[in-house]
Structure formats: structure tokens, C-alpha cells
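Visitor: What follows is a protein structure lacking sequence information:
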């Protein structure tokens, strides 16, 4: 499992005291309020303390340690921020997209049947849809619902599903 995941990209400044606007790479800007420390790099070698975080429309507004003027904030535009996976809490059965990408998908009734790997995730209103890239180069779209997804083991990078009628038809 990846230790550090992208949380968002700084898109601009907010006000004159160094707050930055962040376009979230997560479900909601409220997710930012759970972190006291974020990172400038995906290895976690450059931490930055979060002094305050709040949602504003579809963005997060952050006050970061050492960024106390509009000029200082402007220097960070287009920079990506990361969070430590161990610092995040998700509800049971919820996963980060970055953790799902590349997972192998197998048949729940016959584990020797491999459908392919997750290549993308689309968020719809009702449920997410996983894009499965088959070994033959086809794409299968499966809804992330209880009737289809039977087991997810992120550590093993393995997912077991039951293919409903019509899901394999192209």
C-alpha cells in the first residue's frame, strides 16, 4: 500500500494573509480538516504543518506554517500536497482510488478466473464504477455495489467480484 497519497493541488491564494486555495483530489474539501500535517512530496520527506483548514464551496482553504502573506502563498501555486495514508480514517468498505488502481480482479466463485486490473474509477451519483482492463485489452465496467463486489483486500491487491448478467457483454 502507498504510504503517501495526493490530497490536492494549490490553485491560488485566498485573502492577504497567506491562505491557499486547494482543489481536492479527494471526495470533499472537508477531508482536509482531519490533518495537522501534509507533505510537499509523495515520499513524505517535506512535511508542512496545517494551521487551519476549512471547506469553501468545492475547495479547501488552508493556512500552512510559514506561508503568511499573499506573496508567499503565490509561490506555491500549482504545487501538489500529499497526506500520510496512516493518518486518514475511512469508513469500512471505503477505499482511496489510488489504492484501487492496479488491483487484480478475480471471480468470487472461481478464483482462478482473472478478469483484469482496475485502471480507473468513475464516480456516479448512485455508486462508483470500476474500469477493469482485461488481459485482452478490453474494458469492463462494473458497478461498485454489494451484489457485485464480494471481497476487497487492498494489502494483497486482490478484489473478488460476481459478474452480473450482461457485465461481460461488449
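Guide: Looks like it came in fine. Not measured: the values here are computed from a predicted model.

Visitor: Can you identify each of the helices in the chain by residue range?
Guide: For the chain, the helices defined by DSSP state H cover 70-74, 97-100.

Visitor: mind checking how far residue 6 is from residue 111?
Guide: Using C-beta to C-beta, to the nearest Å, one gets 32 Å for the distance from residue 6 to residue 111. For glycine as for every other residue, the C-beta is placed from the backbone atoms N, C-alpha and C.

Visitor: neighbour-wise, which of those two wins?
Guide: More crowded of residue 6 and residue 111, by other C-beta atoms under 10 Å: residue 6, with 17 against 11.

Visitor: measure the more buried one to residue 149 for me?
Guide: 24 Å.

Visitor: can you check residue 160 too?
Guide: 8 Å.

Visitor: Show me the strands in the protein, by range?
Guide: 4-14, 19-24, 37-39, 47-56, 59-64, 80-84, 104-107, 114-123, 128-133, 139-143, 149-153, 158-161 (DSSP state E).

Visitor: which one of these lies closest to residue 168?
Guide: Relative to residue 168, the nearest member of these by C-beta to C-beta is strand 139-143, separated by 6.4 Å.

Visitor: starting at the chain centroid, how far to the helix or strand of the chain with the lowest mean pLDDT?
Guide: Scoring the helices and strands of the chain by mean pLDDT, DSSP states H and E places helix 97-100 at the bottom, with a mean of 86. Its chain's C-alpha centre and that of helix 97-100 lie 6 Å apart, by C-alpha atoms, centre = their mean, to the nearest Å.

Visitor: I would like the residues contacting that helix, please.
Guide: 1-2, 5-6, 85, 118, 121, 130, 154, 159 (C-beta atoms under 8 Å, 6 or more residues apart in numbering).

Visitor: Also stretch 27-40?
Guide: 4, 7-8, 22, 24, 26, 45-50, 53-56, 58-60, 62, 64, 79, 81-84, 87-89.

Visitor: Between the two ends of that stretch, what distance do you get?
Guide: Its start and end residues considered, stretch 27-40 measures 20 Å (C-alpha to C-alpha, to the nearest Å).

Visitor: ok, now stretch 109-120?
Guide: One end of stretch 109-120 to the other measures 24 Å (C-alpha to C-alpha).

Visitor: For that stretch, what is the distance to the chain centroid?
Guide: The chain centroid and the centroid of stretch 109-120 are separated by 21 Å, computed with C-alpha atoms, centre = their mean.
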